[in-house]
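just coords:
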């Protein structure tokens, strides 16, 4: 807040818009009264900048992220779904919508969505990884481990996928295989 709040008054619109995005989750009670109007305008500028490209899944995902951070979960869900309507192979929308479902206690929808996404996208490793993590949260360890293994196998250069798979193996009693 202290670093970005002054940027809501910047003369450059893209700077103000980015400040609005960065401050999406700041409660208005934490903002000085004299800056509140500028903050609201900066947030609106961000929304309008994304709506200019509303026919692009990236813009819809950006809107979804903004709305999710600001606690507007219905709008976030609608934006992520619109991103998937525009491009059913857009991986970030699957990940972000699944995270939204998880954060709003709709874990079964997250699993269903990620499985659907795996059938749509070419680069499946990210979705396998996300699904594995989601299944771990639901204590479905056997299926989770299989998904994490697929992620690590399909993206051998992704150290995070290999690391998370190794941690899961270790935690499930397979330290030798983890190493």
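Received, thanks. Being a predicted model, the structure only gives us computed values, none of them experimental.

remind me which helix or strand residue 60 belongs to.
helix 57-69 (DSSP states H and E).

show me which residues of the helix or strand that comes right after that helix are buried.
Reading on from helix 57-69 to the C-terminus, the next helix or strand found by DSSP H and E is helix 73-86. Judged by neighbour count (16 or more other Cβ atoms under 10 Å), helix 73-86 contains these buried residues: 75, 76, 77, 79, 80, 82, 83, 84, 86. Any C-beta I mention is one placed from the backbone N, CA and C, and that applies to glycine too.

packing partners for helix 73-86?
In terms of contacts (3 or more Cβ pairs under 8 Å, 6 or more residues apart in numbering; DSSP states H and E), helix 73-86 is packed against helix 57-69, helix 91-103.

just how off-centre is the last one within its chain?
A distance of 5 Å separates the C-alpha centroid of helix 91-103 from that of its chain, computed with Cα atoms, centre = their mean, to the nearest Å.

could you do stretch 45-54 as well?
Distance of stretch 45-54 from its chain centroid, counting by Cα atoms, centre = their mean, is 18 Å.

what about that stretch, average pLDDT?
For stretch 45-54, mean pLDDT is 96.

what does that stretch rub up against?
13-14, 16-18, 20-21, 24, 59-60, 62-63, 66, 82 (Cβ atoms under 8 Å, 6 or more residues apart in numbering).

what do you get if the cut-off is 6 Å, keeping everything else the same?
16, 17, 20, 21, 59, 62, 63 (Cβ atoms under 6 Å, 6 or more residues apart in numbering).

state the distance from the third one to residue 142.
Using Cβ to Cβ, to the nearest Å, one gets 45 Å for the distance from residue 20 to residue 142.

could you do the fourth one as well?
Taking Cβ to Cβ as the measure, residue 21 falls 40 Å from residue 142.

so the two - more neighbours on which side?
Between residue 21 and residue 142, counted using other Cβ atoms under 10 Å, the more crowded position is residue 21 (21 against 8).

report the contact partners of the more buried one.
Applying Cβ under 6 Å, 6+ apart to residue 21 gives the contacts 46, 66.

can I get the helices and strands packed on helix 73-86 in CSV including mean pLDDT?
Formatted as CSV, the helices and strands packed on helix 73-86 follow (pLDDT from 0 to 100):
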stretch, mean pLDDT
helix 57-69, 98
helix 91-103, 97
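
switch those helices over to JSON lines; also include mean neighbour count and distance to residue 50.
Converted to JSON lines, the helices and strands packed on helix 73-86 look like this (neighbours: other Cβ atoms under 10 Å; distance: least, Cβ to Cβ, whole Å):
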{"stretch": "helix 57-69", "mean neighbour count": "22", "distance to residue 50": "5"}
{"stretch": "helix 91-103", "mean neighbour count": "21", "distance to residue 50": "14"}
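
kind regards, and thank you for your time.
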